[in-house]
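**Q** Can you look at this prediction? I've put the sequence above it.
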Amino acid sequence: MSVPGRAPDQLLCLPVTGLGEVHAGDDLAALLADAVDLEDGDVLVVTSKVVSKAEGRVLPGKREEAVAAETDRTVAWRGRTSIVRTHHGLVLAAAGVDASNTDADTVVLLPEDPDASARSLRLALARGTGRNVAVLVTDTAGRAWRNGQTDLAIGAAGLDVLHDYAGRTDPHGNELSVTAPAVADELAAAADLVKRKLDRRPAAVVRGMAGLVLPPGRHGDGASALVRPERQDMFGLGAREAVLSALHADDPRGFGGEVTPLELVVQLQALAEGGADVRVDGDRVVARLSGSERAQGAAEARFLAAAFALGWRRADEEPGHGPVTDVREGDGLLRFRPATP
């Protein structure tokens with residue numbers, strides 16, 4: 001993450017034309033170098049599909065099967081539309097699997113390691129052209145709460161993908177704390193304006209951002225630095241999916257990091273409606289339910305769902321340690337542990 005300097009006065013976005021169809025094993029860097037005259041400090045933005053084609057990520061089969069194989073977890077689904085977290089950590093519709101602009105009965109998967117793809121292209125372009133450029137590998141994604149899609153960076157080399165304004169002050173003297181523009185995503189979106197979806201322009205050059213391009217040999221943290229860690233994800237599941245996951249007692253994963261023990265106590269006590277004593281016991285939270293068997297059963301169901309939502313799990317069975325000794329069936333005692341140790 002870099003500290004921003006002076007903003008450029010202007011940017012120039014140039015489409016890369018005449019590239020033609022790319023096939024597995026093609027030298028993509030050479031094709032790009034022949035198609036555009038690069039300058040030092042350019043940012044070359046390449047769609048993930050053309051990178052995947054060159055890397056042999058076009059496979060026979062049905063799109064649904066490929067989506068299932070590329071999915072780490074389903075975030076949300078409505079009918080045939082699914083939003084999933086891929087094995088890269090990206091949250092995309094249909095895991096980024098594409099069945100357009102490819103032969104019938106084949107699908108295009110995302111590059112296996114988009115940051116590595118970007119680094120490889122950057123190094124090859126430096127050898128072939130002598131130019132020091134940054135490379136972004138992009139894909140198209142929707143946004144929560146917004147209609148439409150935009151391109152974002154899924155791979156990056158030679159560019160700090162985030163600018164950190166934390167600790168700086170605005171013109172009114174207010175200190176900034178969490179402002180960190182995703183520069184790589186902004187460049188990806190700008191480049192897409194000249195690539196356009198139907199014009200067979202799989203790459204573009206953004207010129208005017210030379211101050212952001214890292215020197216040769218330095219690639220930066222890559223676009224993976226833009227992927228929010230799952231423990232910090234406040235939107236790891238859709239609204240419906242969160243409810244359903246909370247009701248599945250065998251769901252081992254949960255979502256997001258756990259709240260503090262005291263926060264869990266406060267939330268469970270609010271749900272207890274006077275029918276439970278909840279307290280912190282070391283690194284565990286213990287709830288003793290009271291009332292009739294039916295009332296205890298209802299409270300237990302609420303507690304388990306709430307604990308799941310807050311990143312905690314029932315600790316009656318400790319992995320590798322067997323049952324907790326002081327928990328006996330029917331005694332109204334529940335013990336919780338963090339879902340992620």
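**A** Happy to help now that I have it.

**Q** residues contacting the residue nearest to the spatial centre of the chain?
**A** For the chain, Leu90 is the residue whose C-alpha lies nearest the centre (C-alpha atoms, centre = their mean; 3.2 Å). Leu90 is in contact with 96, 110, 139, 141, 154, 227, counting by C-beta atoms under 8 Å, 6 or more residues apart in numbering. Just so you know, the C-beta spots here come from the backbone N, C-alpha and C atoms, and that holds for glycine as well.

**Q** can I assume the second one is in contact with Thr138?
**A** No: when contacts are counted by C-beta atoms under 8 Å, Leu110 is not listed as touching Thr138 (10.8 Å).

**Q** where do the contact lists of the two overlap?
**A** 48, 154.

**Q** Of these two, which one has the most company?
**A** Using other C-beta atoms under 10 Å as the criterion, Leu110 and Thr138 rank with Thr138 on top: 32 against 26.

**Q** what's across from that one in the sheet?
**A** Thr47, Ala153 (DSSP bridges).

**Q** can I assume it is in contact with Val46?
**A** Yes: taking C-beta under 8 Å as the contact criterion, Thr138 and Val46 are neighbours in contact, 7.1 Å apart.

**Q** if we can go back for a sec, which one (most neighbours) among the contacts of Leu90?
**A** Going by other C-beta under 10 Å, Ile154 tops the contacts of Leu90 with 32 neighbours.

**Q** residues in contact with that residue?
**A** With C-beta under 8 Å, 6+ apart, Ile154 has these contacts: 48, 88, 90, 96, 110-111, 114, 137-139, 223.

**Q** still on that earlier bit, will you turn the contacts of Leu90 into a markdown table that also has pLDDT and distance to Leu264?
**A** Putting those into a markdown table (pLDDT from 0 to 100; distance: C-beta to C-beta, whole Å) gives the following:
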| residue | pLDDT | distance to Leu264 |
| --- | --- | --- |
| Gly96 | 96 | 36 |
| Leu110 | 98 | 37 |
| Asp139 | 97 | 38 |
| Ala141 | 95 | 34 |
| Ile154 | 98 | 36 |
| Val227 | 95 | 27 |
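
**Q** give me the element the closest residue to Val91 other than its chain neighbours is part of.
**A** Closest residue to Val91 apart from its sequence neighbours, by C-beta to C-beta, 6 or more residues apart in numbering: Arg85 at 5.2 Å. Per DSSP states H and E, Arg85 falls inside strand 81-86.
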